[in-house]
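Asks: need a structure here:
(one chain, ligands or ions: 1)
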Amino acid sequence: MASPVRVRFAPSPTGYLHIGGLRTALYNWFMARKHGGSFLLRVEDTDRARLVEGAIENLYASLVACDVKPDEGIMVEHGRVESRGEFGPYLQSERREKHLAYAYELIEKGHAYYCFCTKERLEEVAKNQQLNKQPVMYDRHCRDLSVKDAENRAAVGDEHVIRLKVPLEGSIVMEDMIRGRVEIPWAQVDDQVLIKSDGYPTYHLAATCDDHDMRISHVIRGDEWLSSLPKHLYIFQIMGWEAPQYAHLPLLLNADKSKLSKRQGDVAVEDYLKKGYLPEALVNFVALLGWNPTADREVFTKEELAGLFDITKVNKGGAVFNIEKLDWLNGEYIKALPVDEYLLRLSRGGFMPEGVMQERAARIVKDRLVRLEEAPGLIDDAVAMAEYEAASLVWKKSTPEDAKVRLEGARGYVAAKSEAWFADVKMMEEETRAWIIEKGWGNGDTLWPLRVALSGREKSPSPFELMFVTGKDEALARIDKALAKMA
Ligand code: GLU
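Replies: Model prediction:
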């Protein structure tokens, strides 16, 4: 029987969930769902200098908001960070003893070594390499120290790191599920630090050992890690472990094809959610960065995407983060929301001004929104009554006399309607247009003065939408004010 699919999202807790991180999490989640496997969340926090307070909670909240929750690993419940599952702990720093044991095992096997080079020496080496236009890498000064001597120095507290002894010749051939065959000459691979001078493992050692210990079957991660794969695979090889399969996802790019960066727009998932991008729209959009299961469709639920997911079909080239497409998708998702759900999201997002007319206006503006954050402005516009001159009430192809006749007619017409009539924009429009024809009047010369009377503005929602917002009494009051101006 094939071993179960076990995939992991392994972010470093930098403070927020990056858009690229969301895509990585999603592809892992798809993979797990598609194959009935498990999706793990492991937090890689061994870079102690870069710890950010509250980062895990924040990252987890963004995953939950997007409904991409782990089956195993780190979970935050009632504000507490917990490790859940039989292969824990899932907070990498809590696995340090295991990492150290593996590092010593590598030394014992002759595949790793103590390095006592000082920072100053390493800087000097790097400077000279730069001057000579050579690639900057460790010059392997300590590689051949006797293990005994090195152990003695380490035992008396001589500051050191532990490095991987990578082969000096030949090359490594790797199979990536997206890239296919990748060959990297060992000459390009550094003797990677495995244990830092603070006694913590580097990402490379920790992630590799954890992937083994957690029985990870597929590693799906960002493209930036492809160049590290030789070191990771080498560790698997010399430890005699079976390596997972790897897939490196294409870079996310700005419109100008530069690497997606904060300078050109938001990169944190929470920033998009705060603006009123719906999580399901963001998920749909992000999932299609670098992959599309069909040529003729853009709107998918994440469950549909999981069903269609095929990691080998992900593009190799970078994926442009096209904000116009996200805007379009978000508008489509807002339109498709049931009205009650939409109103709930507005109020949860803090986008719902108080008031009866405001709530009605929220319904009117729904299909015009790109982001929920635009709602308060559009709602205010639909509710507000602007100051205006009597002349504004006259349509450009009409006369003050006719405008007055039309508006008086409209007042009588509207006054005869029941309250319930004002609750249906479509019906109001159909009936009113029929009534205008019956009167032998025109749409422009009748609806213009009515609309300006209801809004005070030459540009506004339609008179039917405005009457829906105001209701009967307020509509009549506004029309009466207009008539008074015309007197
Ligand atoms: N901690 C790494 C990161 O922050 C994870 C890379 C991997 O998935 O191996 O991206």
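
Asks: Residue 73: which element?
Replies: Per DSSP states H and E: residue 73 is located in strand 72-77.

Asks: elements contacting that strand?
Replies: Judged by 3 or more C-beta pairs under 8 Å, 6 or more residues apart in numbering; DSSP states H and E, the packing partners of strand 72-77 are strand 38-41, helix 55-65, strand 80-84. The C-beta positions use only the backbone N, C-alpha and C, and glycine is treated the same way.

Asks: now for the last one, which elements pack on it?
Replies: Just to be clear, that refers to strand 80-84. Looks like strand 80-84 contacts helix 55-65, strand 72-77 (3+ C-beta pairs under 8 Å, 6+ apart).

Asks: For the last one, which residues meet the burial criterion?
Replies: For strand 72-77, the buried set under the neighbour-count rule, 16 or more other C-beta atoms under 10 Å, comprises 72-76.

Asks: report the angle between the axes of it and helix 55-65?
Replies: 90 degrees (axes from the mean of the first three to the mean of the last three C-alpha atoms, to 10 degrees).

Asks: what is the mean pLDDT for strand 72-77?
Replies: Here strand 72-77 scores 97 as its mean pLDDT.

Asks: swap in the longest one?
Replies: Taken as a whole, helix 55-65 has an average pLDDT of 97.

Asks: and it, does that touch the ligand?
Replies: No - residues of helix 55-65 are not located near the ligand by C-beta under 6 Å from any ligand atom, the shortest gap being 10.7 Å.

Asks: now for that helix, which elements pack on it?
Replies: Helix 55-65 packs on helix 19-34, strand 72-77, strand 80-84, helix 269-274, going by 3+ C-beta pairs under 8 Å, 6+ apart.

Asks: Which among the ones you listed is found nearest to the ligand?
Replies: Proximity to the ligand (C-beta to the nearest ligand atom) singles out helix 19-34 among these, at 7.1 Å.

Asks: Dump the C-alpha coordinates for that closest one into CSV.
Replies: The C-alpha trace of helix 19-34 is given here as CSV (Å, rounded to 0.1, in the frame of the first residue of the first chain):
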residue,chain,number,x,y,z
ILE,A,19,-0.1,36.1,0.3
GLY,A,20,2.5,33.6,-1.1
GLY,A,21,2.2,31.7,2.2
LEU,A,22,-1.5,31.4,1.7
ARG,A,23,-0.9,29.9,-1.7
THR,A,24,1.6,27.4,-0.3
ALA,A,25,-0.8,26.5,2.5
LEU,A,26,-3.7,26.1,0.0
TYR,A,27,-1.8,23.8,-2.4
ASN,A,28,-0.8,21.7,0.5
TRP,A,29,-4.4,21.6,1.7
PHE,A,30,-5.6,20.7,-1.8
MET,A,31,-3.1,17.9,-1.9
ALA,A,32,-4.2,16.5,1.4
ARG,A,33,-7.9,16.8,0.6
LYS,A,34,-7.5,15.3,-2.9
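
Asks: do that helix and the ligand meet?
Replies: No - using C-beta under 6 Å from any ligand atom, helix 19-34 never reaches the ligand; the gap is at least 7.1 Å.

Asks: and the angle from that helix to strand 72-77?
Replies: 120 degrees.

Asks: i'd like the first residue to be 44 from this point on
Replies: Got it, the first residue is 44 from now on, which makes the last one we talked about helix 62-77.

Asks: now helix 62-77: mean pLDDT?
Replies: The pLDDT scores in helix 62-77 average 98.

Asks: Tell me which of the helices and strands packed on helix 98-108 sits most buried.
Replies: Among the helices and strands packed on helix 98-108, the stretch with the highest mean neighbour count (mean count of other C-beta atoms under 10 Å) is helix 62-77, at a mean of 24.

Asks: so where does the residue in the stretch 194-343 of the chain positioned nearest to the ligand fall, helix or strand?
Replies: Of all residues in the stretch 194-343 of the chain, residue 264 sits closest to the ligand, at 3.4 Å by C-beta to the nearest ligand atom. Per DSSP H and E: residue 264 is located in strand 261-265.

Asks: So for that strand, mean pLDDT?
Replies: Strand 261-265 comes out at a mean pLDDT of 97.

Asks: How far off centre is it?
Replies: 17 Å (C-alpha atoms, centre = their mean, to the nearest Å).

Asks: can you pull the buried residues of the next helix or strand after it?
Replies: Downstream of strand 261-265, the next assigned helix or strand under DSSP H and E is helix 272-282. For helix 272-282, a neighbour-count test (16+ other C-beta under 10 Å) marks 272-279, 281-282 as buried.

Asks: ok now stretch 474-494, how far from the chain's centre?
Replies: From the chain centre to the centre of stretch 474-494 is a distance of 48 Å (C-alpha atoms, centre = their mean).

Asks: do the same with stretch 343-350
Replies: For stretch 343-350, the distance to the chain centre is 16 Å (C-alpha atoms, centre = their mean).

Asks: still on that earlier bit, so what does the strand holding residue 264 touch, helix or strand wise?
Replies: By 3+ C-beta pairs under 8 Å, 6+ apart, strand 261-265 packs against strand 49-52, helix 62-77, strand 288-292.

Asks: Hmm, residue 479 and residue 489 touching each other?
Replies: Yes - counting by C-beta atoms under 8 Å, residue 489 touches residue 479, with 5.1 Å between them.

Asks: neighbour-wise, which of these two wins?
Replies: A count of neighbours by other C-beta atoms under 10 Å puts residue 489 above the other of residue 489 and residue 479, at 26 against 20.

Asks: where does that one land on pLDDT?
Replies: 97.

Asks: Just give the closest residue to it, not the sequence neighbours.
Replies: residue 449 (4.5 Å; C-beta to C-beta, 6 or more residues apart in numbering).

Asks: Need the residues that contact the helix or strand where the one you found lies.
Replies: According to DSSP H and E, residue 449 maps onto helix 443-458. Contacts of helix 443-458 with the rest of the structure, by C-beta atoms under 8 Å, 6 or more residues apart in numbering, involve 433-434, 436-438, 441, 475, 478, 482, 484, 488-489, 491-493, 496, 510, 515, 518-519, 522-523, 525-526, 529.
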